[in-house]
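K.L.:
Sequence plus the predicted model coming up.
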Amino acid sequence: MPNPGQPARRIVSRSPHRSVGIVSCSWLQSWGIEYESQLERRFIQCALVFPFLHSVIHQPFKISYLHEGQERQYTPDFICNFTDGSRVVIEVKPKAFVPKHQPTLSAAATVLGSSGVPFSVCTDKELGKSIATNAATILRYTRGAIPHTALGSCVAFLAERRGSASLAELLLGTGIPLNDVLHLIGRHSLSIPSLSDINPTVTVSIPQLEMQHAYILFLDWLGLAEWPAAT
């Protein structure tokens, strides 16, 4: 399987039939991440908040496989690379369309699995409106800058509490504005367990990868599972 660096593909252009564009994330990587649907855009936003994400590449390579005796090609939507060196290939597709593409998805899982690369499918079921809204809110405050003392104050406060505290406790104990805490979460300096809810009781912690295979944590983060290989 190819080992992509930056994306090697055409630049997305506007289309009257699709929602296309680029999500800029200069704090994480030097290139923007292209999307060709609003569902892909939701996925990118959710992925960017994951604390152990290293980079995301859209349509990183082509996969060749055999179907009914004929060679076919498939281009996955994304590859996500993580800080521990693990990675996962993700296809983003409306749940209603998944059954029709199951042979292709299973073939992709087989080809990628032979190279030791996990494969998963993310649908609108996992990328619900509330999760996407929370991710977009965090990213809104991730851009720009905050006082350089904010991170130190948060880390010191959380360290006194064995690495985690509720959002309300963190805000009260440090006096740091919510917007700055969201900035630190988006920059992976702090983390929350999931994107399902952002409220005063949500746990905020210092990100610590205590095991290898961050991709497993990423799949859990989005409620995904590895796609089974063809049998």
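P.N.:
Received the coordinates, thanks. Numbering: from 1, shown residues only.

K.L.:
Show me the domain layout of this protein.
P.N.:
Domain ranges of the chain: 21-128+212-222, 145-205, per automatic domain parsing.

K.L.:
Can you lay out these as CSV showing distance to A230?
P.N.:
In this view, the C-beta of every residue, glycine as well, is placed from N, C-alpha and C. What follows is the domains of the chain, written out as CSV (distance: least, CB to CB, whole Å):
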stretch, distance to A230
domain 21-128+212-222, 4
domain 145-205, 31
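
K.L.:
mind giving me TSV with these and columns for distance to A229 and mean pLDDT?
P.N.:
Converted to TSV, those look like this (distance: least, CB to CB, whole Å; pLDDT from 0 to 100):
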stretch	distance to A229	mean pLDDT
domain 21-128+212-222	4	95
domain 145-205	28	96
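
K.L.:
Would you map the strands across the protein?
P.N.:
For the chain, applying DSSP state E gives strands covering 21-23, 33-35, 53-58, 63-67, 70-74, 78-82, 87-92, 119-122, 164-166, 203-205.

K.L.:
who's in contact with the residue positioned nearest the centre of the chain?
P.N.:
With distances taken as CA atoms, centre = their mean, A47 lies nearest the centre of the chain, 1.5 Å away. Applying CB atoms under 8 Å, 6 or more residues apart in numbering to A47 gives the contacts L53, V56, F78, C80, F218, L222.

K.L.:
give me that answer again for 7 Å
P.N.:
Shown in contact with A47 (CB atoms under 7 Å, 6 or more residues apart in numbering): L53, V56, C80.

K.L.:
which among these gets closest to A168?
P.N.:
Using CB to CB, L53 is the member of these that sits closest to A168, with 26.5 Å.

K.L.:
ok, F157 to E169 distance?
P.N.:
As judged by CB to CB, to the nearest Å, F157 and E169 stand 8 Å apart.

K.L.:
Which stretches in this structure count as helices?
P.N.:
In the chain, the helices defined using DSSP state H lie at 38-49, 102-114, 129-142, 149-159, 167-174, 178-186, 214-222.

K.L.:
Columns distance to I63 on top of those helices, output as TSV?
P.N.:
Compiled in TSV, those are given as follows (distance: least, CB to CB, whole Å):
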stretch	distance to I63
helix 38-49	18
helix 102-114	5
helix 129-142	28
helix 149-159	41
helix 167-174	42
helix 178-186	32
helix 214-222	18
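
K.L.:
Out of those, the one nearest D84 is which?
P.N.:
Closest among these, using CB to CB: helix 214-222, at 4.7 Å.
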